[in-house]
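> need coordinates for the below:
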Amino acid sequence: MADLPPDIIIAVLYRLPVRPLLQFRSVSKPFRSLIDSTDFINLHLKNSIDTGSNLSLILRRDSEICLINLDALSDAVEEAHPLMCYSNQILILGSTNGLICISNVAEDIALWNPLIRRHKVIPFLPIERIGSSLLATRVFGFGYDPENEDYKLVRISQFINLGNEGCVSKVKVYSLRANEWRDSEDMPYVLCYTRKNGTFASGALHWVVNRKFNEEADLIVAFDLTAEKFREVPLPECAEERFHIDVGVLGGCVCMIATYQDVRIDVWVMTEYGVKKSWAKLFSVAQAEEVVGSFKHLRPLAYSKTVGEVLLELDNQRLVWYDLRRKRVENVSVGGLPDSFEAETLVGSLVPVEARRRDHGREHNLGDEKNKKRDDFLSEGFKLVL
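You can find the predicted model right below:
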């Protein structure tokens, strides 16, 4: 192996899952330096996203968090999360690039990469008050700002003034790079789903809202994580009866779930982000048909490798593959699947929970008191020594 060009070694390694790579870090110092480097971590992540590989399902029930390998659909394996459990409850606030943002009922919040078993508890943010207004709800959203190479957590606190039924939604943003919370612009909308955290896609977090208190949901808004501003997402032309809106993400694209109560559910995908004409109806499923069985809610999670099937979560109780061409479903049988659960997708990555910076070609973890020298695996004339 000492005679293999570094490019060949890299081309082999970045296609591997995370856990074998963690074992290979022990082979030699150059291997460790390569696998820990930002360039390799980004290359590995990009390959996983582009090829749809290294995907897992995160299943949450009460205080338990389990992972299922999506390629193998192996048995659910419980992961030991880093937070204390109060009232036997852990919440998943979001997931992106292999990092999961979790919280307990005391609102201790941690960024956690379960595959490399690293976590970071972020600074506590107390609940603010606005005069005599009542705190109606508080939701979060977690995502990645590609422009600033920063992971951000957004908290929206919605306050109701019972006297005039007015609503104010205060927004705070946590930056991993700065390791601090800061104020952002208020959200000029009313949240429709008080327990639904933001959906991350295309550099923005998305919520279902309306413009006035006590109105039906009729909008999807996006919070751009780079500009840190809200904007409305154009909806598809649906010249039919009223339906309930939900927002999700499928294959990296924003999707809209339109529920015609007790009749059917349509799933739309925005193939070109922000372009109204790019909405396309992916499929429509009756809510009481023999093929799928009776259900009230569905959530699309991921495409199959062939992109001919979509993995669906039904009523937080079932996982099924929906065949887009034949319009048939196949139940997913997984050992250790809880009776009820919330599901998210997770791309396996080596992304650390510490922000990094570069100084004169060297990488440093922000906040570390002692910076370690790293071997330059890609330097000219390098020879791998085992």
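> all contacts plus neighbour counts: C-alpha atoms, from now on.
Fine.
> who does Val77 form a beta bridge with?
Here Val77 sits in beta bridges with Leu67, as judged by DSSP bridges.
> which parts of the stretch 101-250 of the chain are strands?
109-113, 118-121, 134-145, 150-161, 166-175, 180-183, 190-191, 199-201, 204-210, 219-224, 229-233, 244-250 (DSSP state E, counting those that start in this stretch).
> among those strands, which is nearest Ile257?
Across the strands of the stretch 101-250 of the chain, Ile257 has its closest neighbour in strand 244-250 (5.0 Å, CA to CA).
> gap between the helix or strand that comes right after the closest one and the chain center?
Under the assignment DSSP states H and E, the closest C-terminal helix or strand after strand 244-250 is strand 253-260. Relative to the chain's own centre, strand 253-260 is displaced by 17 Å; criterion: CA atoms, centre = their mean, to the nearest Å.
> for the nearest residue to Ile220 once chain neighbours are set aside, give me its contacts.
Leaving aside its chain neighbours, Ile220 sits nearest to Val208 (4.6 Å; criterion: CA to CA, 6 or more residues apart in numbering). Shown in contact with Val208 (CA atoms under 8 Å, 6 or more residues apart in numbering): 191-193, 217-221, 245-247.
> Gly203 too?
By CA under 8 Å, 6+ apart, Gly203 lies in contact with 143-146, 224-226.
> so what's Trp279 closest to, chain neighbours aside?
In space, Trp279 is closest to Met270, 4.4 Å off (CA to CA, 6+ apart).
> where's Ala178 relative to Val209, distance?
30 Å (CA to CA, to the nearest Å).
> for the stretch 101-250 of the chain, which spans come out with low pLDDT?
Scanning the stretch 101-250 of the chain for pLDDT under 70 picks out 132, 162-165, 214-217, 239-240.
> now do 80
Residues of the stretch 101-250 of the chain that meet the criterion pLDDT under 80 lie in 128-136, 161-166, 212-217, 238-242.
> again, but for the stretch 251-386 of the chain
When residues are selected by pLDDT under 80, those of the stretch 251-386 of the chain lie in 262, 287-294, 355-386.
> what's around Lys29, how many residues?
Using other CA atoms under 10 Å, Lys29 has 16 neighbouring residues.
> then Phe159?
The tally of other residues near Phe159 (other CA under 10 Å) stands at 23.
> hmm, back to that, the residue nearest to Trp279 is in contact with Ser278, isn't it?
Yes. Using CA atoms under 8 Å, Met270 makes contact with Ser278 at a distance of 5.5 Å.
> which of those two has more residues huddled nearby?
Set Met270 next to Ser278 and count neighbours by other CA under 10 Å: Met270 wins out with 24 against 15.
> contact partners of the longest helix belonging to the chain?
When the chain is scanned for its longest helix (criterion: DSSP state H), the result is helix 38-51. The contact list for helix 38-51, computed with CA under 8 Å, 6+ apart, reads 14-15, 34-35, 53-55, 97, 347-351, 363.
> just stretch 250-264 next, same as before
201-202, 242-249, 265-273, 284-288, 296-297, 299-303.
> pull out the buried residues from the residues you listed.
201-202, 243, 245-249, 265-271, 273, 284-287, 296-297, 299-303 (16 or more other CA atoms under 10 Å).
> circling back: among the strands of the stretch 101-250 of the chain, which is nearest Asn69?
Of all these, it is strand 109-113 that lies closest to Asn69, at 15.2 Å by CA to CA.
> centre of the chain versus that closest one, how much separation?
12 Å.
> returning to what we had before: in the longest helix of the chain, which residues are buried?
Buried-residue list, helix 38-51, by 16+ other CA under 10 Å: 38, 40-42, 44-45, 48-49.
> looking at the residues you listed, which is nearest Phe159?
Ile49 (38.0 Å).
> just the CA trace of stretch 170-189, in CSV.
C-alpha atoms of stretch 170-189 as CSV (Å, rounded to 0.1, in the frame of the first residue of the first chain):
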residue,chain,number,x,y,z
LYS,A,170,-39.8,36.4,18.4
VAL,A,171,-36.8,34.7,16.6
LYS,A,172,-33.5,33.7,18.1
VAL,A,173,-30.6,32.2,16.1
TYR,A,174,-27.7,30.1,17.5
SER,A,175,-24.5,30.0,15.5
LEU,A,176,-22.2,27.0,16.0
ARG,A,177,-19.3,29.0,14.6
ALA,A,178,-19.8,31.9,17.0
ASN,A,179,-21.2,29.6,19.8
GLU,A,180,-23.8,32.2,20.7
TRP,A,181,-27.4,33.1,20.4
ARG,A,182,-28.5,36.3,18.8
ASP,A,183,-31.7,38.2,18.0
SER,A,184,-33.1,38.0,14.5
GLU,A,185,-36.0,39.7,12.7
ASP,A,186,-39.5,38.9,14.1
MET,A,187,-41.6,36.4,12.1
PRO,A,188,-44.6,38.3,10.6
TYR,A,189,-46.7,35.1,10.5
